[in-house]
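1. Take a look and give me a structure for this.
(chains A and B)
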Amino acid sequence: SAVISQKPSRDICQRGTSLTIQCQVDSQVTMMFWYRQQPGQSLTLIATANQGSEATYESGFVIDKFPISRPNLTFSTLTVSNMSPEDSSIYLCSAGSGSSTDTQYFGPGTRLTVL
Amino acid sequence: GESVGLHLPTLSVQEGDNSIINCAYSNSASDYFIWYKQESGKGPQFIIDIRSNMDKRQGQRVTVLLNKTVKHLSLQIAATQPGDSAVYFCAERSGGSYIPTFGRGTSLIVHP
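-> Prediction:
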């Protein structure tokens, strides 16, 4: 299994500003993902962070709003741009080997509140 | 699209009782199922998984049952403890995709 950390753990931001969330994995992983979880809701995949290339976004999420970087096999960032109160959510990083015999592991999440 | 859902959004049990959390899925091509536990303020934590060629798998105090005929998955927790209080998500993968589809979640509340 992989141990995943995220920074910051929580933040309160003003609308119109941007926040970058960092995700660090304690070992090299093939695949990294970013999810959003609204309070009391399930997880929604934002994008797959690809090492050395542009992220793959799910329907409803775009690069201009959620730019993602993945400079190496252990680190990724998600930026929430031009925030509005609707962006208030928990943002989760996950990672895994991509093997059919392996599952994803999750970070502790970043709780974002936009005022 | 395909969906994975849970029958009960909240389950309250007494400490020491057995808990059963249910999950229905609709994608007949699903071949791998996972249960996650999410405690308040934390990310989802892997509990147990099962492949479609099995109908039962046991872990420590947990058992997952899979009924492919009716597309139903359950998580049984034996001798439930207060530390088991959390939201439990089922998730499924299919067609070789590594990315799971998550269900709605069930909140388990264990009363001392």
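2. For A:P108, see how far away A:Q22 is.
-> 12 Å (Cβ to Cβ, to the nearest Å). C-beta coordinates here come from the backbone N, C-alpha and C atoms, glycine included.
3. between these two, what contacts are shared?
-> Applying Cβ atoms under 8 Å, 6 or more residues apart in numbering or on different chains, one finds that A:Q22 and A:P108 are jointly contacted by A:Q6.
4. Which parts of chain B are strands?
-> B:4-5, B:10-14, B:19-25, B:30-38, B:45-51, B:56-58, B:62-67, B:72-77, B:86-94, B:101-102, B:106-111 (DSSP state E).
5. Of all the residues in the third one, which ones are buried?
-> Going by neighbour count (16 or more other Cβ atoms under 10 Å in any protein chain shown), the buried part of strand B:19-25 is B:19, B:21-25.
6. now swap in the last one and tell me
-> Residues of strand B:106-111 classed as buried: B:106-108, B:110 (neighbour count, 16+ other Cβ under 10 Å).
7. Now do the closest residue to B:N67 other than its chain neighbours: how many residues are near it, please.
-> Nearest residue to B:N67, sequence neighbours excluded (Cβ to Cβ, 6 or more residues apart in numbering or on different chains): B:D55, at 7.0 Å. For B:D55, the tally of surrounding residues (other Cβ atoms under 10 Å in any protein chain shown) stands at 12.
8. show me what contacts B:D55?
-> B:D55 neighbours (Cβ under 8 Å, 6+ apart): B:65-68.
9. how far out from the middle of the chain is stretch A:33-47?
-> What separates the centre of stretch A:33-47 from the centre of its chain is 9 Å, taken as Cα atoms, centre = their mean, to the nearest Å.
10. what helix or strand is the most centrally placed residue in chain A on?
-> Residue closest to the average C-alpha location in chain A (Cα atoms, centre = their mean): A:W34, at 3.1 Å. Per DSSP states H and E: A:W34 is located in strand A:31-37.
11. after that strand, next one along is what?
-> Strand A:31-37 is succeeded, C-terminally, by strand A:43-49 (DSSP H and E).
12. May I have that following strand as CSV, with CA atoms only?
-> Only the C-alpha atoms of strand A:43-49 are listed here, as CSV (Å, rounded to 0.1, in the frame of the first residue of the first chain):
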residue,chain,number,x,y,z
LEU,A,43,-16.6,10.7,-4.5
THR,A,44,-16.5,12.3,-8.0
LEU,A,45,-13.4,11.8,-10.1
ILE,A,46,-12.0,15.1,-11.4
ALA,A,47,-9.0,13.9,-13.4
THR,A,48,-6.2,11.4,-13.8
ALA,A,49,-2.8,13.1,-13.2
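13. Just the mean pLDDT for it, thanks.
-> Averaged over strand A:43-49, pLDDT sits at 95.
14. mind listing what B:N18 touches?
-> B:76-80.
15. Kindly recompute the last result at 10 Å.
-> B:61, B:63, B:76-80 (Cβ atoms under 10 Å, 6 or more residues apart in numbering or on different chains).
16. Retrieve the pLDDT associated with it.
-> So B:N18 comes in at 97 (pLDDT).
17. Likewise for B:G5?
-> Model confidence at B:G5 (pLDDT) stands at 50.
18. Angles on the backbone of the residue of chain B found nearest chain A, please.
-> In chain B, the residue that lies nearest chain A is B:G43 (3.6 Å; Cβ to the nearest Cβ). Dihedral pair for B:G43: phi -80, psi 160, per degrees, to the nearest 10.
19. Could you dump the contacts of B:N18 into JSON lines with neighbour count added?
-> Listed next are the contacts of B:N18 as JSON lines, based on neighbours: other Cβ atoms under 10 Å in any protein chain shown:
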{"residue": "B:R61", "neighbour count": "14"}
{"residue": "B:T63", "neighbour count": "17"}
{"residue": "B:Q76", "neighbour count": "16"}
{"residue": "B:I77", "neighbour count": "24"}
{"residue": "B:A78", "neighbour count": "14"}
{"residue": "B:A79", "neighbour count": "11"}
{"residue": "B:T80", "neighbour count": "22"}
